[in-house]
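**Student:** Below are the sequence and a predicted model for it; my questions follow.
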Amino acid sequence: MNTTGYFTHPDCWKHEMGAGHPECPARLDAIEDRLLISGVGDALERREAPQAAIGDIELAHDRMLVAGIRGLSDQLADDIQAGGPAHIQIDPDTSMNLHTWNAALRAAGAVIAATDAVLAGELENAFCAVRPPGHHAERSKALGFCFFNNIAIAAKYALERHGLKRVAIVDFDVHHGNGTEDIIRGDERILMVSFFQHPLFPFSGDVETALNMVNLPVPAYTKGMEVRELIEIMWMPRLEAFKPEMIFISAGFDAHREDDMAQMGLVEQDYAWITGRIKDVAKRHAKGRIVSALEGGYSLSALGRSVEAHIRVLADL
Ligand SMILES: [Zn+2]
């Protein structure tokens, strides 16, 4: 066994939010290029992401949100037919094109299929190279480049459809995963640990909300060694005590020092170290089961290198 899966789909390239938008299809190219050049891609089992079933998305989202996004997609198709613009705006930073609906279904479908494959023992762990990302999407609200909360859906799916009792979510994106917190807050079957730059979009997460949340707001210019120390002290004892049966990772790489979406100072080696610590917990309590999904990361070169570092640890390369 010990195989690492790599889930993606061409539809995830087709979603785009307008010229110059940082959450762009080239992000996936940067990852693919790096995996190709380094040879790391050869060690992975590549699988095409299916579309998520609506019923599974609704494990984490209100029916009205799902119907609303589908409705906007249909409306956009009509508008384009009538000569209207190619995008429909959700918030100042987030918009849909004709392919967003399918891309969002594939992104959620990737983490669900990865969860199935890992729990079936076909794969030890998996990385999902997907867009749109998910961790800002709340139960009833799409925002911040996100439509459906891929990782929250997968965590709920593992509990509800596979009967697991305890799963952990690790979020190392530089932004607070407000959407994931909104969905899983108070659900004692899920422990969420994260760090994030604060203050920074979405300007939340700095007040204690629920016992199943370990939020670590850190100031701008925090470096990797300081983050590692915080993780060791604040995440690890909680994860060890919780004994998760599976671990989900909201893998955003925008805390990299080359990423100008924020001002933190992580480098590739920090992502490798964090992944290693998560893997230690997974090996001890969860038969190694990890499903990781791409969130942020906007400096294309740093993103490619960081994902490579993350996957090298997942795949023991
Ligand atoms: Zn982010």
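**Tutor:** Thanks, I have it.
**Student:** Give me the neighbour count for the closest residue to Q263 other than its chain neighbours.
**Tutor:** Take Q263 and drop its neighbours on the chain: the residue closest to it by Cβ to Cβ, 6 or more residues apart in numbering is A220, 3.9 Å away. For glycine as for every other residue, the C-beta is placed from the backbone atoms N, C-alpha and C. By the criterion of other Cβ atoms under 10 Å, A220 has 13 neighbours.
**Student:** how about A220, what does it touch?
**Tutor:** Applying Cβ atoms under 8 Å, 6 or more residues apart in numbering to A220 gives the contacts Q197, L200, A262, Q263, M264.
**Student:** Mind doing that once more with 10 Å?
**Tutor:** By Cβ atoms under 10 Å, 6 or more residues apart in numbering, the contact set of A220 is V174, Q197, H198, P199, L200, A262, Q263, M264, G265.
**Student:** May I see these arranged in a markdown table, with secondary structure, neighbour count and pLDDT as well?
**Tutor:** As requested, the contacts of A220 are exported to a markdown table (DSSP: H, G, I helix; E, B strand; the rest coil; neighbours: other Cβ atoms under 10 Å; pLDDT from 0 to 100):
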| residue | secondary structure | neighbour count | pLDDT |
| --- | --- | --- | --- |
| V174 | coil | 28 | 98 |
| Q197 | strand | 22 | 98 |
| H198 | coil | 18 | 98 |
| P199 | coil | 11 | 97 |
| L200 | coil | 20 | 98 |
| A262 | coil | 22 | 98 |
| Q263 | coil | 15 | 98 |
| M264 | coil | 25 | 98 |
| G265 | strand | 18 | 98 |
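**Student:** strands paired with the lowest-mean-pLDDT helix or strand in the chain, and their directions?
**Tutor:** Across the helices and strands of the chain, the lowest-confidence element by mean pLDDT, DSSP states H and E is strand 88-91, at a mean of 95. Applying DSSP bridges, strand 88-91 is found paired with strand 94-96 (antiparallel).
**Student:** So which residues make contact with the partner strand?
**Tutor:** Outside strand 94-96, the residues that touch it by Cβ under 10 Å, 6+ apart are 15-18, 21, 23, 69, 72-73, 75-76, 85-90, 100, 103-104, 132, 136-137, 142-147.
**Student:** Specify the local secondary structure of the residue of the chain found nearest the ion.
**Tutor:** As assessed by Cβ to the ion, the ion sits closest to G296 within the chain, at 2.8 Å. Three-state call for G296 (DSSP: H, G, I helix; E, B strand; the rest coil): coil.
**Student:** For burial, what's the neighbour tally of it?
**Tutor:** Residues near G296, counting by other Cβ under 10 Å: 28.
**Student:** residues in contact with it?
**Tutor:** The contact partners of G296, by Cβ under 10 Å, 6+ apart, come to 22-23, 27, 133, 135-136, 144-146, 172-175, 250-256, 259, 261-262, 303.
**Student:** Give me the neighbour count for A30.
**Tutor:** That count, for A30 with other Cβ under 10 Å as the rule, works out to 22.
**Student:** nope, I190 is what I meant
**Tutor:** I190 is flanked by 24 other residues according to other Cβ under 10 Å.
**Student:** which residues does it form a beta bridge with?
**Tutor:** Per DSSP bridges, the residues bridged to I190 are V167.
**Student:** Which pLDDT does the model give it?
**Tutor:** In this model, I190 is scored at 98, pLDDT.
**Student:** I'd guessed R289 sits against M246; true?
**Tutor:** Yes. Between R289 and M246 there is a contact under Cβ atoms under 10 Å: 4.4 Å.
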